[in-house]
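> need coordinates for the following:
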Amino acid sequence: MNLTERLTSTEEMSEEQLLEAKRLLFQEAQAQGVLSGLATIARQFGKELDVRYGPKYKWEGEGVVIYVDDYGRCMTVHANGERLVTSSHKTEKLFVPGPWLLPLLPLMEQARQRKRTRSSAS
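Numbering: from 1, shown residues only. Okay, here's the model as predicted:
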């Protein structure tokens, strides 16, 4: 499944079908490493936030804001302003495919490489 393309459907879906589609999209993003890749971008290239309970990171670029809360074990991603496109919160589990992801794919690999480099240096 190509997660960089918008999901389009010409048929009406029931609430159950929509919930199943939401679940499958989140699972697919997880299986393809997209969720971990987004979090790695925030951790490697973002700013560590000065908070009481952390660590927390925020990265902004390419019209996207990634917020990772490692203490609360969740992540949110907003694209094109305030549109929520990803939430790993246990009560939400949302992933909205679309072109917002395309410019982040090379950054994911750079972030993973930087993480490997830092891990091997320690």
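
> show me the shaky parts of this structure.
When residues are selected by pLDDT under 70, those of the chain lie in 10.

> out of everything not next to it in sequence, what's closest to E5?
With Cβ to Cβ, 6 or more residues apart in numbering as the measure, P97 is the residue that lies nearest to E5, at 6.3 Å, once sequence neighbours are left out. Using the backbone N, CA and C atoms, a C-beta is placed for each residue, glycine as well.

> check contacts around the one you found.
Under the criterion of Cβ atoms under 8 Å, 6 or more residues apart in numbering, the neighbours of P97 are 1-7, 25, 29.

> run a quick neighbour tally on F26.
For F26, the neighbour count with other Cβ atoms under 10 Å is 20.

> about what we covered before: which of the contacts of P97 are buried?
Among the contacts of P97, those classed as buried by neighbour count (16 or more other Cβ atoms under 10 Å) are 3, 25, 29.

> what about the last one, which helix or strand?
Meaning A29. With secondary structure defined by DSSP states H and E, A29 is part of helix 15-31.

> please compute how far whichever helix or strand comes after that helix lies from its chain's middle.
Sequence-wise, the next helix or strand beyond helix 15-31 is helix 34-45, with elements assigned using DSSP H and E. With Cα atoms, centre = their mean, to the nearest Å as the basis, helix 34-45 stands 7 Å off its chain's centre.

> list the helices and strands helix 34-45 packs on?
Here helix 34-45 touches helix 15-31, strand 56-61, strand 64-69, strand 74-79, helix 105-121, going by 3 or more Cβ pairs under 8 Å, 6 or more residues apart in numbering; DSSP states H and E.

> now do the buried residues in stretch 41-50.
With burial defined by 16+ other Cβ under 10 Å, the residues of stretch 41-50 counted as buried are 41-46.

> any chance of the helices and strands packed on helix 34-45 in CSV, plus distance to T86?
Output for the helices and strands packed on helix 34-45, formatted as CSV (distance: least, Cβ to Cβ, whole Å):
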stretch, distance to T86
helix 15-31, 7
strand 56-61, 13
strand 64-69, 8
strand 74-79, 4
helix 105-121, 13
